[in-house]
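**Student:** predicted model and sequence below, questions to follow.
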Amino acid sequence: MTVTAPPPVDDAGPDSRPAPVPPRPRRRHRVGRVTKAGPLTYVLLVLAALVSVFPLYWTAVAGSHTNAEIAATPPPFLPDADLFTNIGRAMDEAPIALALVNTVVVAGCITVGTVLCCTLAGFAFAKLRFRGNKVLLGLVIGTMMVPTQLAIIPLFLLIAELEWVNQLQAVVLPTLVTAFGVFFMRQYLSSALPDELLEAGRMDGASTTRIFWSIVVPVARPAMAVLAMLTFLTAWNDFFWPLIALTSDNPTVQVALAGLGGGYVPDRAVIMAGTLIGTLPILVVFTVLGRHIVGGIMQGAVKG
Amino acid sequence: MTIASDEPQVASIAAPSVLPGKRRRTSRLTRNRWGYAYVAPFFVLFACFSLYPFLYTAWISLHDVDLGDVDGAQWVGLANYSDLLSNEFFWNAARNTLTIGVLSTVPQLAMALGLAHLLNYSLRGRTFFRVAMLLPYATSIAAATLVFGQLFGRDYGLINAGLEAVGFDRVDWEGGSWSSQLAISVIVIWRWTGYNALIYLAAMQAIPEDLYEAAALDGASKWKQFLHVTVPGLRPTILFTIVVSTIGAVQLFGEPLLFSGNGTTNGGSSNQYQTLGLLMYDQGWTNFHLGQAAATAWAMFLIILVVVGGWALLARCRARAER
């Protein structure tokens, strides 16, 4: 059966909304309000961009000097040659290479699991009518207000009981579901997936499972991609639970960084080099996919 | 529900009133019991890793429990909660959480609004600016805090060097009460302003053009248009960002934990920036008093409920008053 092309999610442009939204006049060439930016706008935006980027740039600068050099007045503003020495020392202090591998594994598993669970549930909430779905959806949304702190103690006791402390599955399993993901997929599918398509599938005698894989997933793919990116980013950066579930023997990047920053002999250049090496991979990914992540965040905001 | 407290992207509850529910038709083709099977994976995980822990936390909060000896838990009723109310550390942490929350949220959202306004112009390099604004959001709490901890360093920090260069005195950012809370707020502001700006931008682009044209015909200046068209149009989104920021602010943990650079949980030598999140961790994992930690966690949840409920009530009253 044929599936109409899903609307693009990943274009950050102002016109990129799912098809079923009632048509509005195109907004790109507006009269009056959206005027061309003046020089002052550019100055302010460049300043804001500098503020955004500078701490990261300075991480590279500080991480590539010796400790004494950073302390000089005036401080250095260009990267230097000691980066690899510092990274080497940071890796002696904290198992950063292991942490990077662990984080890729953890974030990868969480991303796959979350996208799958959330697409299933999002589809059910968007398109299947079953008793109690409103209540259950309300429950999902309500959980967004519950602080992490409320789950931490029993989860810790649980993984202690299972002897999972310091094991990666202790981080993966509790993080597999996000209320946000369910809500995000539901919002997308309820507007992007026409009921007619499902009915046509049903007419052809397809089971619900078959309909899910051959109709829903292809339509949902753009939103799944956005959710995957956001989930991976969040999982990579997650701090509180990994800090409790893991130790510095088998850390994720964030746990390793916490150990590095809390060391007894704080060598600032080494800390910065470690921060750089732990942050660079996700920043590279982000720079490559940034456009789509921006689009996803804006999409989520408008559609809600 | 999730463990990732740093869960920022709950963006979607922005304007719940426009859920596309109008076109619903109860087709026999979509009405079926498969729904349960599809939501089952989510709810099984949810039950195991969220619902059960919440309830268990409530049970623990009514007991005297040591981290090393959970089986030896003693029923103490509400004693953990009453202890909390007479615990000066709790009130200190609550105050710090409040001040850091206000110091970080108010400028953050105001600047995000301004940035969104700038980004809404027709721009060259539009994508570049948007991605650049979002770069801090992609940086982890741990990395951001370690970097800012260096920038705010008393003796060798870049910020003090800058202050000195323009003739001010050096500030002991970590040691002072206000200064440390300000510095921690700066980290939060840095990480979240761009994200909120994009959310405002998305909402700005959904404001119908005719409103601006009508305002312009009435002779409203750009500033008046911003005040009387843009801001009212953004009201649900602003409420949403306030709610999300509030939830985040109450849970603030990583920044105060790592800011000092020595990995202790006391939040400064005189607890000057110990937040509720940090206090809870301190009670549970430094002092092993799980009962107290659980009571603190529930107190945090109640605070979130009260504050968010307050915001919602305020918004409803306002909407009614305008009608």
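**Tutor:** Happy to help now that I have it.
**Student:** tell me how far B:L55 lies from B:A294.
**Tutor:** 11 Å (Cβ to Cβ, to the nearest Å). C-betas here are computed from N, CA, C, even on glycine.
**Student:** pull the number of nearby residues for the one residue in the stretch 201-323 of chain B that gets nearest to chain A.
**Tutor:** Residue of the stretch 201-323 of chain B nearest chain A, by Cβ to the nearest Cβ: B:G263 (2.3 Å). B:G263 has 14 neighbouring residues, counting by other Cβ atoms under 10 Å in any protein chain shown.
**Student:** B:L55 and B:A294: which is more packed in?
**Tutor:** Remark: of B:L55 and B:A294, B:A294 carries more neighbours, 29 against 12, as counted by other Cβ under 10 Å.
**Student:** contacts for the helix or strand of chain A with the lowest mean pLDDT?
**Tutor:** Least confident element among the helices and strands of chain A, by mean pLDDT, DSSP states H and E: helix A:67-70 (a mean of 80). Contacts to helix A:67-70, defined as Cβ atoms under 8 Å, 6 or more residues apart in numbering or on different chains, come from residues A:A62, A:P76, A:D80, A:D82, A:D267, A:R268, A:A269, A:V270, B:Y156.
**Student:** burial of the closest residue to chain B within chain A, as a residue count?
**Tutor:** Residue nearest to chain B within chain A: A:G262 (2.3 Å; Cβ to the nearest Cβ). Neighbours of A:G262 under the rule other Cβ under 10 Å: 18.
**Student:** what's the closest non-adjacent residue to it?
**Tutor:** Distance criterion Cβ to Cβ, 6 or more residues apart in numbering or on different chains; nearest residue to A:G262, sequence neighbours excluded, is B:G263 at 2.3 Å.
**Student:** before we move on, the earlier item: buried ones among the contacts of helix A:67-70?
**Tutor:** A:A62, A:D80, A:D82, A:D267, A:R268, A:A269, A:V270, B:Y156 (16 or more other Cβ atoms under 10 Å in any protein chain shown).
**Student:** now, those residues that are in strands?
**Tutor:** Among the buried ones among the contacts of helix A:67-70, no member is found in strands (DSSP state E).
**Student:** and those as TSV, adding distance to A:A179 and pLDDT?
**Tutor:** Listed next are the buried ones among the contacts of helix A:67-70 as TSV, based on distance: Cβ to Cβ, whole Å; pLDDT from 0 to 100:
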residue	distance to A:A179	pLDDT
A:A62	38	88
A:D80	46	83
A:D82	45	83
A:D267	41	81
A:R268	39	83
A:A269	41	86
A:V270	39	87
B:Y156	43	80
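**Student:** please flag which of those residues sit within helices.
**Tutor:** Among the buried ones among the contacts of helix A:67-70, DSSP state H puts A:A62, A:R268, A:A269, A:V270 in helices.
**Student:** helices of the stretch 1-150 of chain B, residue ranges please.
**Tutor:** B:34-46, B:52-61, B:79-85, B:88-119, B:126-138, B:141-151 (DSSP state H, counting those that start in this stretch).
**Student:** and the second one with helix B:34-46, angle?
**Tutor:** Relative orientation of helix B:52-61 with respect to helix B:34-46: 40 degrees, computed using axes from the mean of the first three to the mean of the last three Cα atoms, to 10 degrees.
**Student:** what's the average pLDDT for helix B:52-61?
**Tutor:** For helix B:52-61, the mean per-residue pLDDT is 89.
**Student:** likewise the fourth one?
**Tutor:** Summarised as a single mean, pLDDT over helix B:88-119 is 94.
**Student:** buried set for that helix?
**Tutor:** For helix B:88-119, by 16+ other Cβ under 10 Å, it's B:89-90, B:92-94, B:96-101, B:103-105, B:108-109, B:111-119.
**Student:** of these, which are in range of chain A?
**Tutor:** Counting by Cβ under 8 Å from any Cβ of the partner chain, B:L115, B:L118, B:L119 from the buried residues of helix B:88-119 sit close to chain A.
**Student:** quick one, what contacts the last one?
**Tutor:** Residues counted as contacts of B:L119 (Cβ under 8 Å, 6+ apart) are A:L45, B:R126, B:F129, B:R130, B:M133, B:A197, B:L198, B:L201.
**Student:** tell me who's in contact with residue 162.
**Tutor:** Reading this off chain A. Applying Cβ under 8 Å, 6+ apart, we find A:L162 in contact with A:A170.
**Student:** and what of B:A293?
**Tutor:** When contacts are counted by Cβ under 8 Å, 6+ apart, B:A293 touches A:I153, B:M280, B:Y281, B:Q283, B:G284, B:W285.
**Student:** now for the nearest residue to it once chain neighbours are set aside: which residues touch it?
**Tutor:** Distances taken as Cβ to Cβ, 6+ apart place B:G284 nearest to B:A293, at 3.3 Å, with adjacent residues excluded. B:G284 makes contacts with A:I152, A:I153, B:L67, B:L290, B:Q292, B:A293, B:A294, as judged by Cβ under 8 Å, 6+ apart.
**Student:** recalculate using a threshold of 7 Å.
**Tutor:** A:I153, B:L67, B:L290, B:A293 (Cβ atoms under 7 Å, 6 or more residues apart in numbering or on different chains).
**Student:** so what's residue 148 scoring on pLDDT?
**Tutor:** Unless you meant another one, I'm taking chain A. Note on A:T148: pLDDT of 84.
**Student:** not quite, I wanted chain B
**Tutor:** 94.
**Student:** check A:P18 too.
**Tutor:** Looking at A:P18, the pLDDT reads 40.
**Student:** now do B:R191
**Tutor:** For B:R191, pLDDT reads 95.
**Student:** look up how far A:I159 lies from the residue nearest to it when sequence neighbours are not counted.
**Tutor:** Of all residues not flanking B:R191 in the chain, B:P136 sits nearest, at 4.8 Å (Cβ to Cβ, 6+ apart). As judged by Cβ to Cβ, B:P136 and A:I159 stand 32 Å apart.
**Student:** picking up where we left off before, check contacts around the residue nearest to B:R191.
**Tutor:** Counted by Cβ under 7 Å, 6+ apart, B:P136 has contacts A:S52, B:A144, B:W190, B:R191, B:G194.
**Student:** can you do 8 Å?
**Tutor:** Contacts of B:P136 by Cβ under 8 Å, 6+ apart are A:S52, A:P55, B:A144, B:W190, B:R191, B:W192, B:T193, B:G194.
**Student:** the fourth one and B:A144 touch, don't they?
**Tutor:** Read that as B:W190. Yes. Between B:W190 and B:A144 there is a contact under Cβ atoms under 8 Å: 6.7 Å.
**Student:** pick out whichever of those two has more residues nearby.
**Tutor:** B:A144 (25 against 21).
**Student:** the more buried one contacts B:V186, doesn't it?
**Tutor:** No. Using Cβ under 8 Å, B:A144 is not in contact with B:V186; the gap is 10.1 Å.
**Student:** no more questions from me, cheers.
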